[in-house]
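Participant: generate coordinates for the sequence data below:
(one chain, ligands or ions: 1)
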Amino acid sequence: MKNQLILILDFGGQYKELIASTVRSLGVYSEIKAGNIPIDEIKKLNPIGIILTGGPNSVYEDNAPIRDKDIFNLGIPIFGICYGMQLMTHVLGGIVSKGKVGEYGTVLVERENGDKFNALMSHRDVVEKLPEGFIQLAKTANCIAEASNHEKKLFMTQYHPEAKHTEGGRETFKNFLFRICGAKGDYSLDDFIEVQMKNIREQVGNGQVLLALSGGVDSAVCATILSKAIPGQLTCIFVDHGFMRLNESEEIEEVFAKRNLNFIRVNASDRFLAKIKDIFEPEKKRKLIGEEFVRVFENEAKKINADFLAQGTIYPDIVESGGTGEVIKSHHNVGGLPKDMGFKGIVEPLSQLFKDEVREVGRKLGLPNTIVERQPFPGPGLAIRIMGNVTYEKLEIVRLADAFVREELDKLQVRPNQYFAVLTDTLSVGVKGDARTYDPVVAVRAVITEDFMTADYFPVSHDVLGKMAKRITSELPVSRVVYDISPKPPATVEWE
Ligand code: XMP
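Facilitator: The predicted structure follows:
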């Protein structure tokens, strides 16, 4: 039986994945599609409700992504958030104009009944006049914050209910999903493993499958489902690209070689290093590493005659690689795939799941906590934690600096969700012994986040920061250490 669907139309909003995962966490299946998907496709998908995301544009500008009125005549409940609210207003005959002042951050909102709450706002444009049939439900000092057309089941907020800074945001979603759309809450991961095992068997038949095992939670969960679905038809290849953390490759080999998988480790570090020699541009590095990854697999595949390539790709990988809109960073496991793969097909059993959902499946599969809760590590590894060109010497520095950072932060009772060192491309003067040095600057990054789509810096104590800095500067050719306190957005977690 198919789950009821909430369709999220993406107009370039940074929070689209948070909207989608919030909806799912309330027991309703959601998918993100491009804002301009044809109306016929929407009808085919048959959603019980549609959410229009925010976005960077102004509706009255020439190139703004606008939709025809027809979507509002489908009889499907629609919820417009931020830009989504302005789009709805504009298309339905209301007026959107540039506000006197922008509102960014937490802003006080007042409902018509006098109730007040804080909500996250990020806008300059305002709805000046609502379209016919809409009534105002809430306002701030500068804008209409919430409005609805009950009869047509159209609802909109200028604020972001998906942001955790918005008080009562989950209630706003519940209201839309269960009261307005009539959702049954029929989505859960209870039968996920069984359904995927069946899909995998149908897809691959008697074929041999090659899996890219990275040691991370995604590929580990993927490997475990596959090994249950098609025992004897699976070979797991761990490509050691040489950009792994200290001792990590050995640890991965130890954990997985023991499991019931045909595990092969390929040492390809020289090949990868040569491939990205003198490449300074991050996107290019990612693409080249991704391509090389696939080449190495193809070589191995030839040796064992594999028909299919399996990957632990998850939903945010697809969304962030421009599956629905703008490319933020091309994650190597998607962006790097060339067209002429040489495999019959790709098996991606986790491609519809968010990270927290993958962890839940991992626990259901009985994987140990060390794997399920492992801190994420990007596919291109340390190569994107070295700003600019990558050399063997730089890798050695960042690998040890990273190990020192992790060693100190691993000791904490409450740990950040991700923490590591970055080797910047800035050189700075220092003094060691009696000699002047001119060595690179290392940055320490430690973030708290629920979903990696938004993140805040972790308040590491000065004492711990001091210890890390002392160790890194005294044991490595590094002149100074800085601590990165940027939030995401506008920064990202990784530096490249
Ligand atoms: P950003 O830097 O985009 O990172 O804020 C968000 C999360 O994604 C991880 N990340 C990657 N993971 N391949 C991956 O598998 C990649 O190319 C990649 N780039 C970033 C990052 O470590 C963080 O957890």
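Participant: name whatever forms a beta bridge with residue 97.
Facilitator: residue 126 (DSSP bridges).
Participant: count the neighbours of it for me.
Facilitator: Neighbour count of residue 97, defined by other Cβ atoms under 10 Å: 14. All C-beta atoms are positioned from the backbone trio N, CA, C, and that covers glycine.
Participant: shouldn't it be in contact with residue 123?
Facilitator: No. Residue 97 is beyond contact range of residue 123, at 11.9 Å (criterion: Cβ atoms under 8 Å).
Participant: all strands of the stretch 51-200 of the chain, in order?
Facilitator: 78-81, 95-111, 116-129, 135-139, 144-149, 154-157 (DSSP state E, counting those that start in this stretch).
Participant: is it possible to get TSV of these that adds mean pLDDT and distance to residue 168?
Facilitator: As requested, the strands of the stretch 51-200 of the chain are exported to TSV (pLDDT from 0 to 100; distance: least, Cβ to Cβ, whole Å):
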stretch	mean pLDDT	distance to residue 168
strand 78-81	98	15
strand 95-111	91	10
strand 116-129	93	6
strand 135-139	97	11
strand 144-149	96	11
strand 154-157	97	11
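Participant: export those to TSV and tack on distance to the ligand?
Facilitator: TSV is the format used below for the strands of the stretch 51-200 of the chain (distance: least, Cβ to the nearest ligand atom, whole Å):
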stretch	distance to the ligand
strand 78-81	21
strand 95-111	20
strand 116-129	18
strand 135-139	32
strand 144-149	29
strand 154-157	26
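Participant: distance check, the residue nearest to residue 112 when sequence neighbours are not counted against residue 126.
Facilitator: The shortest distance from residue 112 to any non-neighbouring residue, by Cβ to Cβ, 6 or more residues apart in numbering, is to residue 137 (6.0 Å). Distance of residue 137 to residue 126, given as Cβ to Cβ, to the nearest Å: 15 Å.
Participant: need the helix or strand of the chain with the lowest average pLDDT.
Facilitator: Here the helix or strand of the chain ranked lowest by mean pLDDT, DSSP states H and E is helix 332-335, holding a mean of 46.
Participant: what's the first helix or strand after that one?
Facilitator: strand 345-347 (DSSP states H and E).
Participant: for the record, mean pLDDT for that next one?
Facilitator: Mean per-residue pLDDT for strand 345-347: 90.
Participant: one more: stretch 266-280?
Facilitator: What stretch 266-280 shows for mean pLDDT is 97.
Participant: residues of that stretch that come out buried?
Facilitator: 268, 269, 272, 273, 275, 276, 279 (16 or more other Cβ atoms under 10 Å).
Participant: wait, a strand at residue 440?
Facilitator: Yes. With DSSP: H, G, I helix; E, B strand; the rest coil as the criterion, residue 440 is located in a strand.
Participant: number the chain from 119, please
Facilitator: Right, with 119 as the first residue, what we last looked at is residue 558.
Participant: next up, the contacts around it.
Facilitator: Each residue near residue 558 by Cβ atoms under 8 Å, 6 or more residues apart in numbering is listed here: 512, 515, 541, 542, 543, 544, 545, 546, 595, 596, 597.
Participant: inside strands: which ones of those residues?
Facilitator: If you go by DSSP state E, those have 541, 542, 543, 544, 545, 546 in strands.
Participant: how near is the first one to residue 585?
Facilitator: Between residue 541 and residue 585 the distance, using Cβ to Cβ, works out to 19 Å.
Participant: cool, and the fourth one?
Facilitator: With distances taken as Cβ to Cβ, residue 544 is found 22 Å from residue 585.
Participant: which stretches of the stretch 419-568 of the chain form strands?
Facilitator: Using DSSP E, counting those that start in this stretch, strands in the stretch 419-568 of the chain cover 426-428, 463-465, 536-550, 553-566.
Participant: those: which one's closest to the ligand?
Facilitator: strand 536-550 (5.3 Å; Cβ to the nearest ligand atom).
Participant: packing partners for the closest one?
Facilitator: helix 510-528, strand 553-566 (3 or more Cβ pairs under 8 Å, 6 or more residues apart in numbering; DSSP states H and E).
Participant: distance to the ligand added to the ones you listed, as JSON lines?
Facilitator: Formatted as JSON lines, the helices and strands packed on strand 536-550 follow (distance: least, Cβ to the nearest ligand atom, whole Å):
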{"stretch": "helix 510-528", "distance to the ligand": "12"}
{"stretch": "strand 553-566", "distance to the ligand": "8"}
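Participant: need the per-residue pLDDT for residue 258.
Facilitator: At residue 258, the model reports a pLDDT of 95.
Participant: residues in contact with the residue nearest the centre of the chain?
Facilitator: By Cα atoms, centre = their mean, the chain has its centre lying nearest to residue 434, at 4.3 Å. Residue 434 sits next to 135, 472, 473, 570, 571 when contact means Cβ under 8 Å, 6+ apart.
Participant: excluding its backbone neighbours, what's nearest the second one?
Facilitator: The shortest distance from residue 472 to any non-neighbouring residue, by Cβ to Cβ, 6+ apart, is to residue 139 (4.6 Å).
Participant: by contact count, what packs against the helix or strand encompassing that neighbour?
Facilitator: In this assignment (DSSP H and E), residue 139 forms part of helix 134-143. When contacts are defined as 3+ Cβ pairs under 8 Å, 6+ apart, helix 134-143 sits against strand 123-128, strand 147-152, helix 287-292, helix 433-436, helix 473-482.
Participant: of those, which is nearest residue 503?
Facilitator: helix 433-436 (18.7 Å; Cβ to Cβ).
Participant: the closest one and the ligand, any residue contact?
Facilitator: No. In terms of Cβ under 6 Å from any ligand atom, no part of helix 433-436 sits within range of the ligand; the closest distance is 6.6 Å.
Participant: what mean pLDDT does that helix have?
Facilitator: 84.
Participant: OK, contacts around the residue nearest to residue 177 when sequence neighbours are not counted?
Facilitator: Nearest residue to residue 177 in three dimensions, chain neighbours excluded: residue 208, at 4.1 Å (Cβ to Cβ, 6+ apart). Applying Cβ under 8 Å, 6+ apart to residue 208 gives the contacts 177, 178, 184, 214.
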